[in-house]
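Colleague: Return a 3D structure for these sequence lines:
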Amino acid sequence: MVNGTSLTVIQMNDSHAYFDLHQEMFWQGGQAVYRPAGGYARIATLVKQIRAESQGRVLFCDCGDTLHGTYPALETQGEALIPILNSLGLDAMTAHWEFAYGPATFKQRAAELGYPMLAINVYDQATKERLFPPYSVKEIGGLRIGLVGIASNIVDKTMPPSYSEGLEFTLGREELPPIIDVLRTQEKVDLIILISHLGFSQDLQLLSEVQGIDICLSGHTHNRLNKPVLQGKTLVIQSGCHGSFLGRLDLEFEDKQIVDYRHELIEVEGDINPDPAVDDLIRQALAPYQDKLSTVVGKTATALNRATMLETTMDNFLLQALLENTGAQLAFSNGWRFGAPIIPGEVTVNDLYNMIPMNPPISTVELTGEEIVAMLEENLERTFARDPYDQMGGYVKRSLGFNAYIKIENPPGQRVQQVFVGDERLQLGRNYPTAFVTEQGVAHKYGRNRQQHTERSIEALRAYLARHRPLRAELRGTFVAV
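Modeller: Numbering: from 1, shown residues only. Got it, this is the predicted structure:
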């Protein structure tokens, strides 16, 4: 019998390979303010402090989007992060953008980690075997703890085919109850923690259907939860992005039952002393790229961020560059959430790769007005679907060259009210020359005369900065919720 036991759970989610200090955006007095935050060496310092306070009764879990998102990560297919992550003392993680390197490479990266990659919902199409273990069990302070992983389920649905080649992804709603039963009856665990990358809304829906999870560490949607959400009997937390925050959940037990808890969303502040050993690993990882990434390529008068759902200044910069590069009338990219802010002042190559680390080629296509409306309706449904399981990640598709008036609460296919291109209403039968990046910008099923150009995104961004000094990329009211 265990009485008076305590356990501290630490969450990191969506750090997107942000090795070191970077700008982060905060809302203050109704306005955006920026200050430096993050970095794995500062995270290491905080985790060591928490371990000391908690006498080692600590679980540290990562919800994924960790091995992808910055230039050094992509150049090494995640390998540059492995020594750093292994130094943090993590207990388990799950995944999303990690699949961008392809299943074989990702499996190799996972094998190099000193802790398990968990996913109940990713299968080999040929063998029907799971790609990763569904759970692991830890014993801490007399408690047996089951850790269950659910990876992002959208990898084979909305992302490039190479990410999921030979794999299939489920929601995990069918697999989770049997896993809970195994953990309770065979593994005899006292506590079950779900490490999820489904997204906050999806996690709440899943937990409304499946009983038996004690703690859900939620990822993917970059929510900064200042207090846990209680879904049934499950405590749910999520802790921002870019490694700018950690979530801390202190649990008190009597007879192996949670009787009290305290939660803190911890900002990884810039003035935290970085852990020397981890800081040295970071310096080694970044050294080969330092000269290239520190090169100044322009100035911005606009604070660039991706913190708003309908339109962002960061993506307006990208889209303005696409329009100028191609001479197209309209431009589209994906509603990415990742990308640390760029404050007014100098812009470096590193800033550009943080915006769009994949550096995809620029493409053009001709779209009819009817196709544009259909594409917008599809995207709005994937963003605002009433059924959380139909929400497919990211914010509203980043767009430029038109103004769309939308009703978010309307049913699927009925959200777009009016669209104007300049002063004219969108003509359904007319062709509009359009620039875009990635299939998430314009899917293959739309348009004709599709061309992939030789110039890539970073080149276009650099050229635009050279011609526009300083850069201005303010919000234009592309989407207006009415």
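Colleague: for the stretch 201-350 of the chain, what spans make up the strands?
Modeller: Ranges of strands within the stretch 201-350 of the chain are 215-217, 229-231, 234-237, 245-254, 257-267, 296-300, 330-333, 345-348, based on DSSP state E, counting those that start in this stretch.
Colleague: And these: which comes nearest R456?
Modeller: strand 330-333 (13.2 Å; C-beta to C-beta). The C-beta positions use only the backbone N, C-alpha and C, and glycine is treated the same way.
Colleague: ok so, going back, now, of the strands of the stretch 201-350 of the chain, which is deepest in the fold?
Modeller: Ranked by mean neighbour count, these are led by strand 215-217 with a mean of 28 (mean count of other C-beta atoms under 10 Å).
Colleague: what's the burial count for the residue nearest to K157 when sequence neighbours are not counted?
Modeller: Nearest residue to K157, sequence neighbours excluded (C-beta to C-beta, 6 or more residues apart in numbering): M392, at 6.4 Å. Using other C-beta atoms under 10 Å, M392 is surrounded by 18 other residues.
Colleague: Same check on R448?
Modeller: 10.
Colleague: What sits closest to Q23 if chain neighbours are left out?
Modeller: Nearest non-adjacent residue to Q23 (C-beta to C-beta, 6+ apart): P341, at 4.6 Å.
Colleague: circling back to that earlier point, surely the residue nearest to K157 meets L380?
Modeller: No: applying C-beta atoms under 8 Å as the test, M392 and L380 come out as separate, 11.2 Å apart.
Colleague: would TSV of the strands of the stretch 201-350 of the chain with mean pLDDT and distance to F479 be doable?
Modeller: Formatted as TSV, the strands of the stretch 201-350 of the chain follow (pLDDT from 0 to 100; distance: least, C-beta to C-beta, whole Å):
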stretch	mean pLDDT	distance to F479
strand 215-217	98	31
strand 229-231	98	28
strand 234-237	98	29
strand 245-254	98	28
strand 257-267	97	29
strand 296-300	98	23
strand 330-333	98	12
strand 345-348	98	26
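Colleague: List the beta-bridge partners for the closest residue to G345 other than its chain neighbours.
Modeller: Among residues not flanking G345 along the chain, K299 sits closest, at 6.5 Å (C-beta to C-beta, 6+ apart). Counting by DSSP bridges, K299 forms beta bridges with E346.
Colleague: ok, K299 to E346 distance?
Modeller: Separation of K299 from E346 (C-beta to C-beta, to the nearest Å): 6 Å.
Colleague: I180 touches I192, doesn't it?
Modeller: Yes: proximity of I180 to I192 meets the contact threshold set by C-beta under 8 Å, at 6.2 Å.
Colleague: Overlap of the contact sets of the two?
Modeller: Listed as contacting both I180 and I192 by C-beta atoms under 8 Å, 6 or more residues apart in numbering are V148, G212, I213.
Colleague: Could you check the pLDDT of the last one?
Modeller: Per-residue confidence at I213 stands at 98 (pLDDT).
Colleague: Buried residues in stretch 469-477, which are they?
Modeller: By neighbour count with 16 or more other C-beta atoms under 10 Å, stretch 469-477 contains the buried residues L471, A473, R476.
Colleague: Quick one: end-to-end length of it, please.
Modeller: 23 Å (C-alpha to C-alpha, to the nearest Å).
Colleague: Please work out the average pLDDT along that stretch.
Modeller: 97.
Colleague: How about residues contacting that stretch?
Modeller: 298-302, 304, 308, 311-314, 316-317, 320, 344, 347, 400, 403, 464-465.
Colleague: follow-up on the earlier one: and the residue nearest to G345, what is it in contact with?
Modeller: Here K299 is in contact with G345, E346, V347, L465, R469, P470, L471 (C-beta under 8 Å, 6+ apart).
Colleague: Any stretches of this structure with poor pLDDT?
Modeller: Applying pLDDT under 70 to the chain flags the ranges 1-4.
Colleague: Show me it divided up by domain.
Modeller: 3-286, 295-481 (automatic domain parsing).
Colleague: what's the first-to-last distance across the last one?
Modeller: Using C-alpha to C-alpha, the span of domain 295-481 from its first residue to its last is 39 Å.
Colleague: how about L67, secondary structure?
Modeller: coil (DSSP: H, G, I helix; E, B strand; the rest coil).
Colleague: does it really touch F99, like I thought?
Modeller: No: using C-beta under 8 Å, L67 is not in contact with F99, being 9.7 Å away.
Colleague: Residues that sit against both of those two, list them.
Modeller: F106.
Colleague: Between the two, which is the more surrounded one?
Modeller: L67 (31 against 27).
Colleague: Would you double-check that P72 falls in a strand?
Modeller: No: counting by three-state DSSP, P72 is located in no strand; its state is helix.
Colleague: wait, what's in contact with it?
Modeller: A17, F19, A80, A285, L286, P288, Y289.
Colleague: Are any of those buried, and if so which?
Modeller: A17, F19, A80, A285, L286, Y289.
Colleague: for the protein, what's the longest helix?
Modeller: For the chain, the longest helix by residue count, based on DSSP state H, is helix 369-384.
Colleague: what separates that one from the chain centre, distance-wise?
Modeller: Distance of helix 369-384 from the chain centroid (C-alpha atoms, centre = their mean, to the nearest Å) equals 22 Å.
Colleague: Give the buried residues for it.
Modeller: Result for helix 369-384 [16+ other C-beta under 10 Å]: buried residues 369, 371-384.
Colleague: now do stretch 323-331
Modeller: For stretch 323-331, using 16+ other C-beta under 10 Å, the buried residues are L323, E324, N325, T326, A328, Q329, L330, A331.
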